[in-house]
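**Q** Below are the sequence and a predicted model for it; my questions follow.
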Amino acid sequence: MHITISLTDDEVKFLKNDIIDIENWIQLAVKGKVSSCRDRIVSEWLPKLMEDENISTIPADKSLLINEIIKNEKYKNRVQIEEINSRLPI
């Protein structure tokens, strides 16, 4: 996925007040969020997979593990969760 963002001149000025290299900061911020999301999905799902009697092996590699998690019929991503929640009566 390739993402492009646009900042106004004023937004650049505001960021430069605190940040030396805006592009690098954005890249590191996104990488940090990706790492947090990866760690969260693993810590949430590893116990579920270990308790599932239908699963006999679990990959040690995090990328392979996450692929297995996403293939699990019980897995829902954020969009799917929000869709389900929006249908619940208040």
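**A** That came through fine.

**Q** mind listing what the residue nearest the centre of the chain touches?
**A** Nearest to the geometric centre of the chain sits Cys37, at 3.6 Å (CA atoms, centre = their mean). Not one residue lies near Cys37 by CB atoms under 8 Å, 6 or more residues apart in numbering. Heads up, the C-betas are built off the backbone N, CA and C, glycines and all.

**Q** separation between it and Thr8?
**A** As for Cys37, its distance to Thr8 is 28 Å (criterion: CB to CB, to the nearest Å).

**Q** likewise Glu23?
**A** Counting by CB to CB - Glu23 and Thr8 are separated by 16 Å.

**Q** go on, Glu82?
**A** Glu82 is 30 Å from Thr8, by CB to CB.

**Q** Between those two, tell me which one has more neighbours.
**A** Neighbour count, other CB atoms under 10 Å: between Glu82 and Thr8, Glu82 has more, with 11 against 8.

**Q** Could I get the contacting residues of Ile55?
**A** Ile55 neighbours (CB under 8 Å, 6+ apart): Leu49.
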